[in-house]
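K.L.:
what follows is a predicted protein model with its sequence.
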Amino acid sequence: MSSKAPVDEAALVRVRQQMHAVRVPLYGDKVYKDECMFTYDSPESPGGLYVNLTTFQGFGQEMVELDQRRTGGVLYLHLRHKRVPLPKSEVEAARAAAQAAGQMLLNAPTYRMDKQQCLVVMGQGGAGRLEIPLPCSDLPERVLQSIEGVLRHESATAAEAVAVFVEARPVSKYAASLEQLYTCRKISPNPADWRCDETGVRENLWLNLSTGFIGSGRKNWDGSGGNGAALRHFESTGRRYPLVVKLGTITPHSADVYSYAPEEDDMVTDPHLAQHLAHWGIDIMQMEKTEKTMSELQADLNTSYEFSRITESGAELQPLSGPRLTGLINLGNSCYMNSVLQVLFTLPEVVARYVNGAARIISSAPPDPAGDLPTQLAKVGVALVLGRTGHLKDQVQQDGEAAETSGGGKEAAIEVDGGGGDLVALPEDERWHAVRPLALKSVAGRGHPEFSSGRQQDAAEYFTHLMELVSRAEHTQAERLGLSPAAGPGAGDVAPGPLPLPTCFRLSLEDRLQCSESGAVSYRSTPTSLLMLQVPLEAAVNAEAVAEYRDRQAKRQRLKEQQAQVYIGAAPEGADASTAVGPDGSGAVASAACAPHASGPGSGGLVVMADAAEEAVLPRVPFDACLQRFSGTEVVDDYRSAALGGRRTAATKRTRFGTFPPYLLVQINRYFQDTDWTLKKMEVLVDVPDHINLETLRAAGPQPDERLQPEDQPEQQQTSQPQTAASGGAGGPQQAAVVAPDEALVSALVDMGFGANACRRAAVAVANGGAEAAMEWLLSHLEDPDIDDPLPEPTHAGTGGGGGGGGGSAPAAVAADPDKISQLTAMGFSETQATAALHACNGSLERAADWLFNHMDDLDTAVTRVLSTGDSGAAGGGAAAAAVPAAGGLAAGSSLTPQPQLLDGPGVYELVGFISHMGSNLACGHYVAHIKKDGRWAIFNDDKVAVSEHPPRDLGYLYLFKRVHQ
């Protein structure tokens, strides 16, 4: 580009006056030149993007003056990009040239990007703005270097988008010294010659690099794929030859290599793959890809029955866009986040805080808005609720669509009046109706090993994680977010406006336990934000139909194994003799005239075709059955009863609702742990109604005719003292019955692969309550810094009580680490609060942070108690332990910490949205949200939003109910 006309001296003087603040971006600097920090404006937006030459942060036209007020910035690089359609003849010429060169150009460019830049000198309050077109050689050298550096520097948003997928497959440790047998076998390079050596199938074939055996791969989660012959060969050869490569994925650059070795058991890299393939006569340089890779197959599995039903594929859905109907672009396995965000921003409370209050949040954002959770929530919320995507359809594109509508078809869309010559219509831009929540994903996943990655995650876990982050942010930045100090806990139907957002979802569950021998009763209250319901398969209303379907599927599988075509057998009792599944997979019922017939004993029986497909018949369980499972009475075998002097016995347990929140989030647990410790999906339909009334399950509390457990029951020690020992805390008064780890339980846990010290801590934490409970505790505490430390020696206080008591000695104070105090104060807590938290948690930074956030409803009182009584450990000692309420009350088994505020109201709800998951387990697959908008259901499938004709409420994973006021 040639130099523009010289700039007048007055303009250069203004630039020189501000050049002292200009910086040249270095390697470690982040340059935000693709997207506005506060909106989704980009260089392709109507107003372009302004990049601050001091902070290298980008801002849209509506936000650049705000940035000037915040930072005092004056010099900005203004970027404007526009897509210009190419002439049809040019596109066809490019395709012809590629074809002549022996290439296939499927996605030939149909437009060019017209890029314009200028230097903007901002005036006071936005007045007197000066624009200097670029390039301009008259500008000071430092300004030119800064502009050049910004243009050449990698965009921060692009770098973050790639970073989540930097998870290279590990190099197999077997690759370097791989043993390869000499069998004189040579593998044909022709894919038509490949077939499984065991079963003869031709699809999903894997070559064992050591033995030359070609075997079928394992089944996919939906039953498709292979039959497992390759894995069986690995087992039958003594598990000596683990590396296999998928035939059809081999190219000169890559291939899918898998290791069956138990310690790897994953996709791996073989640096010597070319050499290993040459051993079997395969020239890697001559190979072409003929089959889909495992990553591509994962995407294709979404076309299964479940995906088709959930996404309503095959139906002509009416697209939706605009305010409250904006999509979220998938960043790569981010559909779990997209679905949760779409549901959250349906709620008026979320909109009021982060959309209506967006101006206040943005204007008070920290210097780095990209790392601020409230700012990014406001940014996403404004886009979703107000429809501000920052991008509009170009006039050329709108003209093309009008021509297609009125001119009759796609040919009219290609020819657009663009000032001379036929132009190719611009392609659809997803940013017209959707936004990329990359910054929010980054800040919400920061420091988290899973949510910071590009792997698929559990939407329920992400909701819980996000609510925890929101709770912390709203506590430390209450004034900025318009939150007044929360009132004390109350039981009325209080409006949740000024309260932390997680309060809208928080409920209390009351457990009633009754000793089977003494009849004594105790009550426990547990707060939670997610109601998990188990699915009782035995309650399926179509069990007989499911059994018949599975029998037909088994017959089809036997036919395939025997290479037969038809099975004719006796029809089930009561079934139509002409019932058949057609070879076209229709699953239709054939008429008597056209149904296949057979003579002999099978005449008039059921006909099953080997190559037929049939819509799956899944168990259908009523929602009420799930509620009955949740509220039913269960037996607790290992219950320590205070009425029996602490002796273990059996007890019955029943759960009821202590409170009903404004919004009830229900998780249908469709996943179970198989015998091989892997999570698998329960294929079941649960009929969830539009309205539910849970008032019949409201807790009633202790009854006059009930005998409550004694006041000083060991049950309290069972729930508090084990945590003290497991976390290294000091014991409270009356600790004669300190729990010692059951060595048999410890041995069983060690056999599972856990460390001995960790197993002892788990045994104590659950009061030797069984391997399952201990394992769950271990899995949730593996990241504890002291998990593998030996258990501390128990300390015994005097009978008069410790600390605040009569004659006991308080636990020794733990010296606070200044670095840890600094990290906690950076979260918004005072130095006194940080010191108390570290003292209460024996110096553990992680537990101290949790302690602070768990006590934030009554933080000052908790801090005063710790500093005055010497309370330390998870359960505490001294006066804190002595202050445990009587066993007969609801707090008998509850935490010693103040309970979080709970909002109560009628337990009558209406379904307003649900999230569905497709996949064999929560680590793969796809999420889709269905939300009720203005009385009709809409499907939110990432960036695609449409009217939902048949919302699959029976296939949901998370269901959001809104309280109905009566």
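P.N.:
Looks like it arrived, so ask away.

K.L.:
around Tyr523, count how many other residues there are.
P.N.:
By the criterion of other Cβ atoms under 10 Å, Tyr523 has 24 neighbours. From N, CA and C alone the C-beta is placed, and that goes for glycine too.

K.L.:
let's verify it: helix, strand, or coil?
P.N.:
Classification of Tyr523 by DSSP: H, G, I helix; E, B strand; the rest coil places it in strand.

K.L.:
is it true that it touches Glu706?
P.N.:
No: Tyr523 is beyond contact range of Glu706, at 9.4 Å (criterion: Cβ atoms under 8 Å).

K.L.:
residue contacts, Leu469?
P.N.:
Residues in contact with Leu469 (Cβ atoms under 8 Å, 6 or more residues apart in numbering) are 373, 444.

K.L.:
can you pull the contacts of the residue lying closest to Thr832 once chain neighbours are set aside?
P.N.:
Closest residue in space to Thr832, ignoring its immediate chain neighbours: Val863 at 6.4 Å, by Cβ to Cβ, 6 or more residues apart in numbering. Val863 sits next to 832-833, 836-837, 855 when contact means Cβ under 8 Å, 6+ apart.

K.L.:
ok, and the closest non-adjacent residue to His153?
P.N.:
In space, and not counting its chain neighbours, His153 is closest to Val31: 4.3 Å by Cβ to Cβ, 6+ apart.

K.L.:
quick check: pLDDT value at that neighbour.
P.N.:
We have a pLDDT of 94 for Val31.

K.L.:
verify the contact between it and Leu53 for me.
P.N.:
No: using Cβ under 8 Å, Val31 is not in contact with Leu53; the gap is 10.4 Å.

K.L.:
got any residues that touch both of those two?
P.N.:
Common contacts of Val31 and Leu53, defined by Cβ under 8 Å, 6+ apart, comprise Val150.

K.L.:
the more surrounded of these two?
P.N.:
Each of Val31 and Leu53 has its neighbours counted (other Cβ under 10 Å); Leu53 has more, 26 against 22.

K.L.:
still on that earlier bit, that's a strand at the residue nearest to Thr832, yeah?
P.N.:
No: assigned with three-state DSSP, Val863 falls outside any strand and is helix.

K.L.:
from Glu615, how far out is it?
P.N.:
Taking Cβ to Cβ, to the nearest Å as the measure, Val863 falls 61 Å from Glu615.

K.L.:
likewise Pro818?
P.N.:
Separation of Pro818 from Glu615 (Cβ to Cβ): 66 Å.

K.L.:
of the two, give the one with the bigger neighbour count.
P.N.:
Glu615 (13 against 9).

K.L.:
what pLDDT does that one get?
P.N.:
Looking at Glu615, its pLDDT reads 78.

K.L.:
for it, grab phi and psi.
P.N.:
Main-chain dihedrals, Glu615, degrees, to the nearest 10: phi -60, psi 130.

K.L.:
start the count at 32 instead of 1 going forward.
P.N.:
I'll keep to 32 as the first residue from here, and by that count the last item is Glu646.

K.L.:
would you mind measuring from it to Gly950?
P.N.:
Distance of Glu646 to Gly950, given as Cβ to Cβ: 19 Å.

K.L.:
ditto for Pro733
P.N.:
From Pro733 to Gly950 the distance is 45 Å (Cβ to Cβ).
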